[in-house]
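1. build the 3D model from these lines:
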Amino acid sequence: MERDTLIKVFALLFIVAFVIEMFGVRSSVTNTPTQNTENTSKEHSVYGSGETTATLLSYSDYLNVFKPGVDISENSSIGELVNVDGVGYVNRHGGMVTLILEQGANVSLIADEVKERFPDLNVTANALFSLPPEVELTTAAGKSNVSANALIAIEIEPEIDVGDNVTLSLVGLVAGNEFDGTPVAKIIPTNWEVAANAVVSGVGDNYSAVVILPWSSRNTNVSKVKEELSAHMENVNISYAPDSYVAVKGLSLKENDTIKKIGNISYVTEVNGDLVYVKDDFNNSGELETDLKGILGDNSTVDYPLSKMNILFSSRNVSESDILKYVKGEVILYREMFLEMSGKIRIGSKDYNMPSNTTFDVMLLESSPIGQNISVQLKIGTLGRNIVNLELEKILG
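-> Below is the predicted model of the structure:
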């Protein structure tokens, strides 16, 4: 082939290659928007969190036995666990022990026996839970119902019975109305409100006295009462705000001239609706009734509110009569008492273990004897068969 012909052939091949390269560049640019769309979809995923109820379907056929930071695999006594009913064999590895269970073995009962023999060891199993069809999650964009009809496995202490419901905390990436990947799940306490019995186990030194004073005696010298009480008791604190008014039935329906006459009485400070306010140092109920009936007639009815004085103090032993030495009225005396709870609490058809040494510090009528049963309302949180949170909401009786 002549030299000119070769040059023409190479030139033609160069042009063809250049054109093919241009089409290749154009093709990649055309596909770019599709790639950006996928990235944009990923960017729209947001983190969501919420709580839901899940049902325990089954346990794994093995138990992990371990003690954090300690190699127990060489502990010869652990080998005795092979004699526990339902244990097939013992596998030692990585500083821990795995009990391979026989088919149909009761995982929870075996775990209880292991804990009884070795209280300082942790025993866990892989638990399989079913989630409901949807879970309400909170995201940066607000609340959203996310599809969650799935199974999820969690390593737990096998203290939950198969078929029981638990409360799960879920955190995960959400895209649209679906999880983007597997959410992180954690069992959290299930909250209940229950009524139970407690026993008065002892008394303390703190008291609360409610003194009910009649209207005519409401101008009690609080400073003097506190001084006299403090001579015999400790930490005396008095709260008192007497009511300086009377209620006159139907007064708000009277004419303005009548209301004005009552307002002009020397010791009256204000008339508002059916209420007549008087000066704090005025307590002559006889004079008040005479003046009001002189304006409203003998059929007028006057009601006198009672006032309450609250007294807090500390003492070894005090009775209502000891308070009445220094202030006149009716006394309701409360004393610090300790309510003790022990054993189990039944919720539905299941018993839950009460934490040890559970005692509440409350104020009860001073006459309540040690050993008396007291009905209480509790707010509790349970994990498995154990009560992990316990709060006294109120005394029921």
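
2. just say helix, strand or coil for K261.
-> What DSSP: H, G, I helix; E, B strand; the rest coil gives for K261 is helix.

3. now it, nearest residue through space, not along the chain?
-> Once flanking residues are discounted, K261 sits nearest to I295: 5.1 Å by C-beta to C-beta, 6 or more residues apart in numbering. Backbone N, C-alpha and C define where each C-beta goes, glycine included.

4. ok, residues contacting the helix or strand hosting that neighbour?
-> Applying DSSP states H and E as the criterion places I295 in helix 285-296. Helix 285-296 has contacts (C-beta atoms under 8 Å, 6 or more residues apart in numbering) with 215-216, 246, 248, 251, 254, 258, 261-262, 265, 267, 276, 278, 282, 300, 302, 304.

5. which of the residues you listed fall in helices?
-> 258, 261-262 (DSSP state H).

6. tell me the one of the residues you listed nearest L99?
-> Closest approach to L99 among the ones in helices among the contacts of helix 285-296 (C-beta to C-beta): I262, at 87.9 Å.

7. for I72, see how far away that closest one is.
-> 88 Å (C-beta to C-beta, to the nearest Å).

8. now do the contacts for the nearest residue to N353 once chain neighbours are set aside.
-> Closest residue to N353 apart from its sequence neighbours, by C-beta to C-beta, 6+ apart: N386 at 5.0 Å. Counting by C-beta under 8 Å, 6+ apart, N386 makes contact with 159, 352-353, 355.

9. just the buried residues of those.
-> 159, 352 (16 or more other C-beta atoms under 10 Å).

10. the contacts of N386 in helices, which ones?
-> Per DSSP H, the subset of the contacts of N386 in helices is empty.

11. and the contacts of N386 as CSV, adding pLDDT and distance to S201?
-> Compiled in CSV, the contacts of N386 are given as follows (pLDDT from 0 to 100; distance: C-beta to C-beta, whole Å):
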residue, pLDDT, distance to S201
E159, 88, 29
Y352, 89, 21
N353, 88, 19
P355, 86, 16
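
12. wait, V210 touches L306, no?
-> No: applying C-beta atoms under 8 Å, one finds V210 not in contact with L306, separated by 10.9 Å.

13. how about the strands in the stretch 251-397 of the chain?
-> 268-272, 275-278, 302-303, 307-314, 330-341, 344-347, 350-353, 358-365, 373-383, 386-395 (DSSP state E, counting those that start in this stretch).

14. now tabulate those in TSV and tack on distance to Y89.
-> Supplementary listing: the strands of the stretch 251-397 of the chain in TSV, determined by distance: least, C-beta to C-beta, whole Å:
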stretch	distance to Y89
strand 268-272	86
strand 275-278	85
strand 302-303	84
strand 307-314	64
strand 330-341	42
strand 344-347	35
strand 350-353	31
strand 358-365	41
strand 373-383	30
strand 386-395	30
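
15. to D164, which of the ones you listed lies closest?
-> D164 lies closest to strand 350-353 among those, at 8.0 Å (C-beta to C-beta).

16. send me the closest one as CSV with only the CA atoms.
-> Extracted in CSV, the C-alpha atoms of strand 350-353 (Å, rounded to 0.1, in the frame of the first residue of the first chain):
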residue,chain,number,x,y,z
LYS,A,350,-49.4,-12.8,85.6
ASP,A,351,-47.4,-12.2,88.8
TYR,A,352,-44.6,-9.6,88.7
ASN,A,353,-41.7,-9.5,91.2
